[in-house]
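[1] coords below, sequence missing:
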Ligand code: SF4
């Protein structure tokens, strides 16, 4: 029997936003997908070793994930992410990522480094799909079109689940039929997450910083265990967030940075719905230094508690959790005070 081609997808960076799109497309082409392991110490250390020193922590981690796939796949899927909304581009480190990976000095299978760019002429999405299929060696246009339709459907469903408040790991289980929405909702009820929804915190940051439990020290789940209702930018309709592109004198140039910033401004406008903001920033991230300051100043102007947490290669659960607990305790105390007063 003919051996199936294996495409490896690194579980990092844009994976958190696009995995269903990529995986469904590749699988519907009749090609097998393998993903790298969840981030662990080895992946982080391998990434640090082979990446330029001044790269941000998510870029280093991404390299570790690519290396994890080196001997497991025939191709590594590392598209050049340029523009996902036709307007802003991804940050410069994203743009140069396939080149950084290629010249990392590690022996790797061929990269699928197709450009994902929805700016410019219409049909960017289709061009992307056809180019990926061509690199893998699939030429049948009907097969490619069918795979593209299925992939776009899965991507839409994934985004919709996140809008409904499911974090990526849970939404993926639903998209790939490992769990039903009813099962996940029941689990939420028994986990204590929805027992005491009195403190609502906006957890803002790039998906690859927030949802990678290893580099974020599990901030999201820790907050849930503390009885906090967590709001992230994925739960805000894009149309609502986009309103704030007109509020800022100048938008950021970068896709994820705009989403985080607009979400912060949107939630501050709806101040009554949240009790505080936590901004998770990545060490070595240039855009984050501006976003962090913008959010801090806006939160201050709205008299809303704000906590900035920076993740780096030495982030330990202890230090992060102590700060989280202190912040949440302060919000509880504030609420009690407001009730008494
Ligand atoms: S936006 Fe920041 S954290 Fe993300 S890849 Fe670029 S530099 Fe790194």
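    Yes, it's here. Fair warning: this is a prediction, and the values are worked out from it, not measured in the lab.
[2] what residues does the protein put near the ligand?
    56, 58-59, 91, 93-94, 206, 254, 256, 282, 285-288 (CB under 6 Å from any ligand atom). Every C-beta, even on glycine, is put in place using the N, C-alpha and C of the backbone.
[3] among the residues you listed, which are in strands?
    When the residues of the chain next to the ligand are checked against strands (DSSP state E), the matches are residue 282.
[4] including neighbour count and pLDDT, could the residues of the chain next to the ligand go into a markdown table?
    Formatted as a markdown table, the residues of the chain next to the ligand follow (neighbours: other CB atoms under 10 Å; pLDDT from 0 to 100):
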| residue | neighbour count | pLDDT |
| --- | --- | --- |
| 56 | 23 | 92 |
| 58 | 23 | 95 |
| 59 | 25 | 95 |
| 91 | 23 | 93 |
| 93 | 21 | 92 |
| 94 | 22 | 92 |
| 206 | 29 | 96 |
| 254 | 23 | 91 |
| 256 | 27 | 94 |
| 282 | 22 | 90 |
| 285 | 25 | 90 |
| 286 | 13 | 88 |
| 287 | 22 | 89 |
| 288 | 24 | 90 |
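[5] residue 108: what secondary structure?
    Here residue 108 is recorded as coil under DSSP: H, G, I helix; E, B strand; the rest coil.
[6] thought it was touching residue 66?
    Yes - judged on CB atoms under 8 Å, residue 108 makes contact with residue 66 at a distance of 6.8 Å.
[7] still on that earlier bit, will you turn the residues of the chain next to the ligand into JSON lines that also has distance to residue 43?
    JSON lines is the format used below for these (distance: CB to CB, whole Å):
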{"residue": "56", "distance to residue 43": "16"}
{"residue": "58", "distance to residue 43": "12"}
{"residue": "59", "distance to residue 43": "13"}
{"residue": "91", "distance to residue 43": "21"}
{"residue": "93", "distance to residue 43": "18"}
{"residue": "94", "distance to residue 43": "19"}
{"residue": "206", "distance to residue 43": "18"}
{"residue": "254", "distance to residue 43": "25"}
{"residue": "256", "distance to residue 43": "21"}
{"residue": "282", "distance to residue 43": "16"}
{"residue": "285", "distance to residue 43": "19"}
{"residue": "286", "distance to residue 43": "24"}
{"residue": "287", "distance to residue 43": "24"}
{"residue": "288", "distance to residue 43": "22"}
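[8] tell me where the stretch 1-150 of the chain has strands.
    6-9, 32-35, 75-77, 80-83, 111-112, 115-117 (DSSP state E, counting those that start in this stretch).
[9] and those as TSV, adding mean neighbour count?
    Output for the strands of the stretch 1-150 of the chain, formatted as TSV (neighbours: other CB atoms under 10 Å):
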stretch	mean neighbour count
strand 6-9	24
strand 32-35	16
strand 75-77	24
strand 80-83	18
strand 111-112	21
strand 115-117	19
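[10] and of the ones you listed, who's closest to residue 211?
    Residue 211 lies closest, by CB to CB, to one member of the strands of the stretch 1-150 of the chain: strand 32-35, at 14.1 Å.
[11] hmm, who's touching the closest one?
    Strand 32-35 is contacted from outside by 4-11, 15, 19, 22-23, 26-27, 69, 72-73, using CB atoms under 8 Å, 6 or more residues apart in numbering.
[12] quick check on the residues you listed: which are buried?
    The neighbour-count test (16 or more other CB atoms under 10 Å) marks 5-11, 15, 19, 22-23, 26-27, 69, 73 as buried among those.
[13] with respect to pLDDT, which of these ranks lowest?
    Ranked by pLDDT, the buried ones among the contacts of strand 32-35 bottom out at residue 5 (92).
[14] how much space between it and residue 35?
    In this view, residue 5 and residue 35 are 15 Å apart by CB to CB, to the nearest Å.
[15] that's all I had, so thanks and see you.
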